[in-house]
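**Q** Need coordinates for the following:
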Amino acid sequence: MARHEVVSPIPGVFYRRPDPDSPLFTDAGETVGAEDTVCLVEVMKSFHEVQAGAAGTVVEFLVENEDEVDAGQVVAVIEAG
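**A** Numbers count the residues shown, from 1 in each chain. Below you'll find the predicted structure:
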């Protein structure tokens, strides 16, 4: 199976849930579709959804919630297929 890297499209703050009271978008071991949201990146109070980009199983997140990320930084890995 192929591994797919989910990358941040912009620099900002990484969030694994839509708001503090909601569950995570997804977690390691869970199955996602290519268009499923796996995280948000916030810059200047504007939140941008980051989609999985490939259907498969989430292997791991490489960034902790509320960490700063750069554009192009890998934030998660998906085992596609």
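**Q** Chain neighbours aside, what residue packs nearest to Thr37?
**A** Spatial nearest neighbour of Thr37, chain neighbours left out: Glu49 (4.6 Å); criterion: CB to CB, 6 or more residues apart in numbering. For glycine as for every other residue, the C-beta is placed from the backbone atoms N, C-alpha and C.
**Q** Could you give the secondary structure assignment for that neighbour?
**A** At Glu49 the chain is in strand, as set by DSSP: H, G, I helix; E, B strand; the rest coil.
**Q** Any idea what it is bridged to?
**A** Applying DSSP bridges to Glu49 gives these bridge partners: Leu40.
**Q** quick one: Asp67 and Arg16 touch, right?
**A** No. Applying CB atoms under 8 Å as the test, Asp67 and Arg16 come out as separate, 10.1 Å apart.
**Q** who's more crowded, those two?
**A** Arg16 (20 against 13; other CB atoms under 10 Å).
**Q** coming back round to it: can I assume the residue nearest to Thr37 is in contact with Asp36?
**A** No. Using CB under 8 Å, Glu49 makes no contact with Asp36, being 9.7 Å away.
**Q** The two: who's more crowded?
**A** Legend: neighbour count by other CB under 10 Å for Glu49 and Asp36, higher for Asp36 (17 against 14).
**Q** what residues are up against the residue nearest to that one when sequence neighbours are not counted?
**A** Nearest non-adjacent residue to Asp36, counting by CB to CB, 6+ apart: Ala52, 5.0 Å away. Contact analysis of Ala52 by CB atoms under 8 Å, 6 or more residues apart in numbering lists 4, 6, 26, 32-38, 58, 76, 78.
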